[in-house]
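Participant: Could you work out the structure for the sequence below:
(chains A and B)
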Amino acid sequence: KNQVEQSPQSLIILEGKNCTLQCNYTVSPFSNLRWYKQDTGRGPVSLTIMTFSENTKSNGRYTATLDADTKQSSLHITASQLSDSASYICVVSATSGTYKYIFGTGTRLKVLA
Amino acid sequence: KAGVTQTPRYLIKTRGQQVTLSCSPISGHRSVSWYQQTPGQGLQFLFEYFSETQRNKGNFPGRFSGRQFSNSRSEMNVSTLELGDSALYLCASSSGQSRIDTGELFFGEGSRLTVL
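Facilitator: Numbers count the residues shown, from 1 in each chain, chains lettered A, B, ... in the order given. Coordinates of the predicted model:
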């Protein structure tokens, strides 16, 4: 069964600190993995996309990594800002199956001043 | 380029009523999908439409239905509302053409439904 698990469920850090969010998946056949950021009450917005051959990709202070062998991805946030407070959702795509997008339940990040 | 537009943004209904939500995708996108989001549950897939045809359906009761029009705009309807239907309903569009395309999902701001 295709599944995506994220950890931790929630996280509180101080402004300026770094943090890392985890995403483990059992999705086959794998197509790509995306990290989305969702501000409270808004729709999710894509941060990065990782394909099978990519190990690392950066988008400003956000860096995503992918280990296709262990089926793990991480999202590292550097020098956190108050505006980083949001939910971060890992979405893994499969090229076949009932539905091609498998969503994690997200990590809720709170950045405190 | 305008993003995905969902209306209404907020609505309050009572048990037993029905509701219709609307979604206008990004121009040129023919794939529209709907999701229900509740605290602690994450996004639950409802259905996906492509060129007016339902391509996939999630595990929701028949009270949840949808359709897509020739201009790719989509509506979803929930009949006989229950308290547990209170949620944020998100619509997403993508440019994917085939069933296996896994292009980026562009989400709208959502419709917040409260059932009293």
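Participant: Over to A:S83: give its phi and psi.
Facilitator: phi -70, psi -10 (degrees, to the nearest 10).
Participant: Which positions in chain A make contact with chain B?
Facilitator: Chain A comes close to chain B at residues A:31-32, A:34, A:36, A:41-46, A:49, A:89, A:91, A:93-96, A:98-101, A:103-106, as judged by Cβ under 8 Å from any Cβ of the partner chain. For every residue, glycine as well, the C-beta is placed using N, CA and C.
Participant: list the buried ones in stretch B:104-115?
Facilitator: By 16 or more other Cβ atoms under 10 Å in any protein chain shown, the buried positions in stretch B:104-115 come out as B:104-113, B:115.
Participant: Output the residues you listed in TSV, with distance to B:K13, secondary structure and pLDDT appended to each entry.
Facilitator: Converted to TSV, the buried residues of stretch B:104-115 look like this (distance: Cβ to Cβ, whole Å; DSSP: H, G, I helix; E, B strand; the rest coil; pLDDT from 0 to 100):
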residue	distance to B:K13	secondary structure	pLDDT
B:E104	32	coil	87
B:L105	27	coil	91
B:F106	27	strand	94
B:F107	23	strand	96
B:G108	20	coil	97
B:E109	19	coil	96
B:G110	16	coil	96
B:S111	11	strand	97
B:R112	11	strand	96
B:L113	7	strand	97
B:V115	5	strand	97
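Participant: and of the residues you listed, the nearest to chain A?
Facilitator: B:F107 (3.3 Å; Cβ to the nearest Cβ).
Participant: so, in contact with chain A or not, stretch B:13-22?
Facilitator: No. Using Cβ under 8 Å from any Cβ, stretch B:13-22 stays clear of chain A, coming no nearer than 13.4 Å.
Participant: What is the distance between that stretch and the centre of its chain?
Facilitator: Relative to the chain's own centre, stretch B:13-22 is displaced by 14 Å; criterion: Cα atoms, centre = their mean, to the nearest Å.
Participant: Also stretch A:29-49?
Facilitator: In terms of Cα atoms, centre = their mean, the centre of stretch A:29-49 is set 7 Å apart from its chain centre.
Participant: how long is that stretch end to end?
Facilitator: End-to-end distance for stretch A:29-49, by Cα to Cα, to the nearest Å: 16 Å.
Participant: ok, now stretch B:55-64?
Facilitator: First-to-last residue span, stretch B:55-64, Cα to Cα: 15 Å.
Participant: From the residues of chain A next to chain B, keep the buried residues only.
Facilitator: Using 16+ other Cβ under 10 Å, the buried ones in the residues of chain A next to chain B are A:31-32, A:34, A:36, A:42-44, A:46, A:49, A:89, A:91, A:93-95, A:99-101, A:103-106.
Participant: pLDDT weak spots in the chain?
Facilitator: You didn't say which chain, so I picked chain A. Applying pLDDT under 70 to chain A flags residues A:97-98.
Participant: um, chain B though
Facilitator: For chain B, the stretches flagged by pLDDT under 70 are B:1, B:98-101.
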